[in-house]
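Visitor: Provided below for reference: sequence and predicted model.
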Amino acid sequence: MAVIEKGSFEVISRSPAQTRRVGMRLGELLLPGDVICLEGNLGAGKTTLVQGIASGWGSYDSVTSPSYVLVKVYRRLDQNRLYHLDAYRLSGPQEAIDLDIDAMLSQGPLLVEWADKIKEALPEGHLWMRMRAINEEQRDFIVHARGERHKEILERFREDIYGA
(Lines give C-alpha, C1' and ligand atoms only; values in the text may rest on other atoms or scores of the structure.)
Protein backbone atom coordinates (compact mmCIF):
# COMPACT_ATOMS: atom_id res chain seq x y z
CA MET A 1 0.00 0.00 0.00
CA ALA A 2 1.33 3.45 -0.94
CA VAL A 3 1.75 6.12 1.70
CA ILE A 4 -0.22 9.29 1.00
CA GLU A 5 1.99 12.31 0.31
CA LYS A 6 2.23 14.83 3.16
CA GLY A 7 -0.41 17.51 2.76
CA SER A 8 -2.77 15.14 0.94
CA PHE A 9 -5.90 13.40 2.08
CA GLU A 10 -8.03 10.52 0.89
CA VAL A 11 -11.75 10.39 0.17
CA ILE A 12 -13.63 7.16 -0.40
CA SER A 13 -16.97 7.54 -2.13
CA ARG A 14 -19.42 4.67 -1.86
CA SER A 15 -21.76 5.69 -4.72
CA PRO A 16 -22.10 8.02 -7.71
CA ALA A 17 -24.47 10.19 -5.64
CA GLN A 18 -21.84 10.51 -2.91
CA THR A 19 -19.19 11.36 -5.54
CA ARG A 20 -21.45 14.18 -6.77
CA ARG A 21 -21.92 15.44 -3.19
CA VAL A 22 -18.14 15.45 -2.66
CA GLY A 23 -17.83 17.43 -5.90
CA MET A 24 -20.48 19.90 -4.73
CA ARG A 25 -18.43 20.66 -1.62
CA LEU A 26 -15.40 21.39 -3.78
CA GLY A 27 -17.37 23.44 -6.32
CA GLU A 28 -18.57 25.82 -3.60
CA LEU A 29 -14.95 26.84 -2.96
CA LEU A 30 -13.85 27.69 -6.50
CA LEU A 31 -12.91 31.12 -7.82
CA PRO A 32 -11.57 32.32 -11.18
CA GLY A 33 -8.02 31.08 -11.66
CA ASP A 34 -8.47 27.92 -9.60
CA VAL A 35 -7.36 24.71 -11.32
CA ILE A 36 -8.67 21.25 -10.44
CA CYS A 37 -6.71 18.42 -12.10
CA LEU A 38 -8.34 15.00 -12.35
CA GLU A 39 -6.25 11.92 -13.03
CA GLY A 40 -7.68 8.42 -13.36
CA ASN A 41 -8.58 5.64 -15.74
CA LEU A 42 -11.88 5.36 -17.61
CA GLY A 43 -14.63 4.76 -15.08
CA ALA A 44 -12.75 6.35 -12.17
CA GLY A 45 -15.57 8.86 -11.60
CA LYS A 46 -14.06 12.00 -13.13
CA THR A 47 -17.18 13.16 -15.00
CA THR A 48 -19.44 12.27 -12.07
CA LEU A 49 -17.24 14.38 -9.78
CA VAL A 50 -17.31 17.25 -12.31
CA GLN A 51 -21.13 17.10 -12.29
CA GLY A 52 -21.03 17.73 -8.56
CA ILE A 53 -18.36 20.44 -8.81
CA ALA A 54 -20.36 22.35 -11.44
CA SER A 55 -23.53 22.04 -9.37
CA GLY A 56 -21.79 23.24 -6.19
CA TRP A 57 -20.23 26.12 -8.13
CA GLY A 58 -23.74 27.15 -9.20
CA SER A 59 -23.92 26.16 -12.85
CA TYR A 60 -27.32 25.88 -14.42
CA ASP A 61 -25.93 23.90 -17.40
CA SER A 62 -26.01 20.11 -17.50
CA VAL A 63 -22.61 18.41 -17.37
CA THR A 64 -21.47 15.75 -19.79
CA SER A 65 -18.00 14.56 -20.73
CA PRO A 66 -16.44 17.04 -23.17
CA SER A 67 -14.47 14.27 -24.94
CA TYR A 68 -15.55 15.33 -28.42
CA VAL A 69 -15.45 19.10 -27.97
CA LEU A 70 -12.33 19.29 -25.74
CA VAL A 71 -13.62 22.22 -23.66
CA LYS A 72 -17.10 22.80 -22.30
CA VAL A 73 -18.13 26.03 -20.62
CA TYR A 74 -20.66 26.05 -17.81
CA ARG A 75 -22.39 29.24 -16.73
CA ARG A 76 -24.26 30.51 -13.75
CA LEU A 77 -26.71 33.37 -13.35
CA ASP A 78 -24.03 35.98 -12.55
CA GLN A 79 -22.47 35.21 -15.99
CA ASN A 80 -19.31 33.70 -14.46
CA ARG A 81 -17.88 30.72 -16.30
CA LEU A 82 -16.45 27.35 -15.31
CA TYR A 83 -14.23 25.62 -17.88
CA HIS A 84 -14.09 21.83 -18.26
CA LEU A 85 -11.21 20.55 -20.38
CA ASP A 86 -10.89 16.89 -21.35
CA ALA A 87 -7.26 16.25 -22.33
CA TYR A 88 -7.82 12.62 -23.34
CA ARG A 89 -7.62 13.34 -27.07
CA LEU A 90 -4.86 15.94 -26.87
CA SER A 91 -1.47 14.89 -28.22
CA GLY A 92 0.39 16.69 -25.44
CA PRO A 93 0.99 19.92 -23.50
CA GLN A 94 1.43 22.16 -26.57
CA GLU A 95 -2.10 21.40 -27.78
CA ALA A 96 -3.39 22.44 -24.36
CA ILE A 97 -1.37 25.65 -24.46
CA ASP A 98 -2.86 26.37 -27.90
CA LEU A 99 -6.34 26.23 -26.31
CA ASP A 100 -5.32 29.34 -24.29
CA ILE A 101 -5.60 28.02 -20.76
CA ASP A 102 -4.51 31.43 -19.40
CA ALA A 103 -7.54 33.12 -20.98
CA MET A 104 -9.83 30.49 -19.45
CA LEU A 105 -8.28 31.00 -16.02
CA SER A 106 -8.75 34.77 -16.21
CA GLN A 107 -12.49 34.18 -16.61
CA GLY A 108 -13.19 31.28 -14.27
CA PRO A 109 -12.05 28.07 -12.62
CA LEU A 110 -10.70 25.26 -14.80
CA LEU A 111 -11.42 21.54 -14.36
CA VAL A 112 -9.08 19.24 -16.30
CA GLU A 113 -9.85 15.57 -16.91
CA TRP A 114 -6.84 13.45 -17.89
CA ALA A 115 -4.63 16.23 -16.48
CA ASP A 116 -1.60 13.92 -16.35
CA LYS A 117 -1.44 14.06 -20.19
CA ILE A 118 -0.83 17.84 -20.17
CA LYS A 119 0.81 18.40 -16.80
CA GLU A 120 3.54 20.64 -18.27
CA ALA A 121 0.92 23.05 -19.67
CA LEU A 122 -0.88 23.52 -16.35
CA PRO A 123 -0.15 26.26 -13.82
CA GLU A 124 2.14 25.36 -10.94
CA GLY A 125 -0.68 26.12 -8.49
CA HIS A 126 -3.45 23.52 -8.66
CA LEU A 127 -5.46 20.94 -6.75
CA TRP A 128 -4.67 17.42 -8.01
CA MET A 129 -7.08 14.52 -7.55
CA ARG A 130 -5.84 11.01 -8.36
CA MET A 131 -8.96 8.89 -8.78
CA ARG A 132 -9.53 5.16 -9.09
CA ALA A 133 -12.42 2.73 -9.06
CA ILE A 134 -12.39 0.32 -6.13
CA ASN A 135 -15.41 -1.61 -7.38
CA GLU A 136 -18.59 -0.87 -9.35
CA GLU A 137 -19.84 1.68 -6.80
CA GLN A 138 -16.84 2.80 -4.74
CA ARG A 139 -14.20 5.33 -5.77
CA ASP A 140 -10.98 6.37 -4.08
CA PHE A 141 -9.62 9.93 -4.42
CA ILE A 142 -6.23 11.13 -3.21
CA VAL A 143 -6.26 14.94 -3.11
CA HIS A 144 -3.11 17.10 -3.06
CA ALA A 145 -2.49 20.83 -3.50
CA ARG A 146 0.32 22.92 -4.96
CA GLY A 147 0.47 26.66 -4.27
CA GLU A 148 -0.92 28.69 -1.39
CA ARG A 149 -4.40 29.32 -2.86
CA HIS A 150 -4.88 25.64 -3.64
CA LYS A 151 -3.57 24.57 -0.22
CA GLU A 152 -6.27 26.83 1.24
CA ILE A 153 -8.89 25.15 -0.97
CA LEU A 154 -7.56 21.73 0.10
CA GLU A 155 -7.83 22.56 3.79
CA ARG A 156 -11.34 24.01 3.47
CA PHE A 157 -12.39 21.03 1.32
CA ARG A 158 -10.97 18.58 3.90
CA GLU A 159 -12.84 20.42 6.69
CA ASP A 160 -16.07 20.34 4.68
CA ILE A 161 -15.70 16.59 4.12
CA TYR A 162 -14.42 15.49 7.53
CA GLY A 163 -15.11 18.39 9.90
CA ALA A 164 -12.60 20.59 11.71
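Guide: Great, that's in hand. Numbers count the residues shown, from 1 in each chain.

Visitor: need the helices for the chain, in chain order.
Guide: For the chain, applying DSSP state H gives helices covering 16-27, 46-57, 93-98, 101-107, 148-162.

Visitor: most tightly surrounded among these?
Guide: Among the helices of the chain, helix 46-57 has the highest mean neighbour count (mean count of other C-beta atoms under 10 Å), at a mean of 24. In this view, the C-beta of every residue, glycine as well, is placed from N, C-alpha and C.

Visitor: any idea which residue sits dead centre in the chain?
Guide: Centroid-nearest residue in the chain, with C-alpha atoms, centre = their mean: residue 36, separated by 3.6 Å.

Visitor: In JSON lines: the helices of the chain, plus mean pLDDT and distance to residue 79.
Guide: Putting the helices of the chain into JSON lines (pLDDT from 0 to 100; distance: least, C-beta to C-beta, whole Å) gives the following:
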{"stretch": "helix 16-27", "mean pLDDT": "94", "distance to residue 79": "17"}
{"stretch": "helix 46-57", "mean pLDDT": "94", "distance to residue 79": "13"}
{"stretch": "helix 93-98", "mean pLDDT": "85", "distance to residue 79": "25"}
{"stretch": "helix 101-107", "mean pLDDT": "86", "distance to residue 79": "10"}
{"stretch": "helix 148-162", "mean pLDDT": "92", "distance to residue 79": "23"}
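
Visitor: can I get these in a markdown table with distance to residue 130?
Guide: Shown next, in a markdown table, are the helices of the chain (distance: least, C-beta to C-beta, whole Å):
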| stretch | distance to residue 130 |
| --- | --- |
| helix 16-27 | 14 |
| helix 46-57 | 11 |
| helix 93-98 | 19 |
| helix 101-107 | 21 |
| helix 148-162 | 13 |
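
Visitor: Quick one, which of those helices gets closest to residue 131.
Guide: Taking C-beta to C-beta, helix 46-57 is the member of these nearest to residue 131, at 6.1 Å.

Visitor: who's in contact with residue 110?
Guide: By C-beta atoms under 8 Å, 6 or more residues apart in numbering, the residues touching residue 110 are 34-36, 83-85, 101, 104.
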